[in-house]
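Engineer: what shape does this take:
(2 chains)
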Amino acid sequence: MEEVKEQTGHMTRIGEPAPAFEAVTTHGVLKLGDFKGSWLILFSHPADFTPVCTTEFIAFSEIHPELQKRGVELLGLSVDSVSSHIAWVRNVEEKTGVKIPFPIIADLNKEVSLAYGMIHPGQSKTETVRCVFIIDPNQIIRTILYYPLTTGRNMDEILRIVDALQTTDKNAVATPANWRPGDMVVVPPPNTQEMAEERLKQGYECTDWYLCKKKL
Amino acid sequence: MACVSPDGKPTESGTKMLRALKAGLGSPEEIANEAGLPLFRVRSGLRELTEAGLASQKGDKYELSSKGSEMLGASSA
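Structural biologist: Numbers count the residues shown, from 1 in each chain, chains lettered A, B, ... in the order given. Got it, this is the predicted structure:
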């Protein structure tokens, strides 16, 4: 068991504080605390100069302005050197015209990868899988996504999750399946019989007492 | 180092932060607004500038050091 833990590191969970780090990045030495007060998407990729990762970096760069509007910063990571990261982002810009605007951690000693459980030995013992950690301004992990090495991430879903988290935080509601901004949201279920009866009089769109939706 | 070059001189973003300090802005948030840089870059950059002796920290605020002032004068000359 200990050997497995050494290979995989800590298993992070949503609702827990994001593990602190200080890491060398393409934008200098950054600490998790430098992002306090902003939302942060920390994501890992298997390796620089690989095809799926290149398409993902272009896609992350394309949604970067939308993320900025939502107060979200991006931070990439792989077990590559900072020189490799710099060479790769320069190559992406030269070949595609896309400038990578966010920093990338050079996690050569796997310190951050292991702290966040980004290495899944069933996929690769040396590379990080495609992880996404959405961390809120209080530096609590709010969402974790894992994608296999062969599947590029869906940027629409990442933006949708950010919108859902920010909407639920602001309005104390929940979001139903396939929710998109502008859709009706779910009113939290009542805790008492009295509340259940009251909510039926409140003008919500109710399927039954436990499933009520409203417009924001 | 993102804000201080290996030769000890501030980079473009480092110079922007030093100029903001010279203008009397002391908090990372104010400097980020003035310099047009993300807050995380400013927090990290201020650490570097302080370690290089170009800025100093007093509580939550930062100030331009005499070395930083000289460096800024030399870079704008």
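Engineer: ok, residues contacting stretch B:57-68?
Structural biologist: The contact list for stretch B:57-68 (CB atoms under 8 Å, 6 or more residues apart in numbering or on different chains) reads B:10, B:18, B:21-22, B:26-28, B:31, B:46, B:49-50, B:53-56, B:72. The C-beta positions use only the backbone N, C-alpha and C, and glycine is treated the same way.
Engineer: show the pLDDT at the residue of chain A found nearest chain B.
Structural biologist: With CB to the nearest CB as the measure, A:Gly28 is the residue of chain A nearest to chain B, at 2.9 Å. A:Gly28 carries a pLDDT value of 94.
Engineer: show me what contacts it?
Structural biologist: Counting by CB under 8 Å, 6+ apart, the residues that A:Gly28 touches are A:103, B:1-3, B:41, B:44-45, B:48.
Engineer: including pLDDT and neighbour count, could those go into TSV?
Structural biologist: As requested, the contacts of A:Gly28 are exported to TSV (pLDDT from 0 to 100; neighbours: other CB atoms under 10 Å in any protein chain shown):
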residue	pLDDT	neighbour count
A:Pro103	98	25
B:Met1	59	17
B:Ala2	81	18
B:Cys3	86	28
B:Arg41	96	22
B:Ser44	96	27
B:Gly45	95	30
B:Glu48	94	21
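Engineer: in which helix or strand would I find A:Phe133?
Structural biologist: strand A:130-135 (DSSP states H and E).
Engineer: give the bridge partners for the residue of chain A closest to chain B, please.
Structural biologist: A:Thr25, A:Thr26 (DSSP bridges).
Engineer: circling back to that earlier point, out of the contacts of A:Gly28, name the ones that lie in helices.
Structural biologist: B:41, B:44-45, B:48 (DSSP state H).
Engineer: can you narrow these to ones near chain A?
Structural biologist: The subset of these lying close to chain A, counting by CB under 8 Å from any CB of the partner chain, consists of B:41, B:44-45, B:48.
Engineer: and the helices in the chain, which stretches?
Structural biologist: Looking at chain A here, since you left the chain open. With DSSP H as the criterion, chain A has helices at A:2-8, A:51-69, A:82-96, A:111-116, A:155-171, A:193-199.
Engineer: you answered for a different chain; I wanted chain B.
Structural biologist: Secondary structure of chain B (DSSP H): helices at B:12-22, B:28-35, B:39-51, B:66-76.
Engineer: so for the last one, what's the average pLDDT?
Structural biologist: Averaged across helix B:66-76, the pLDDT comes to 81.
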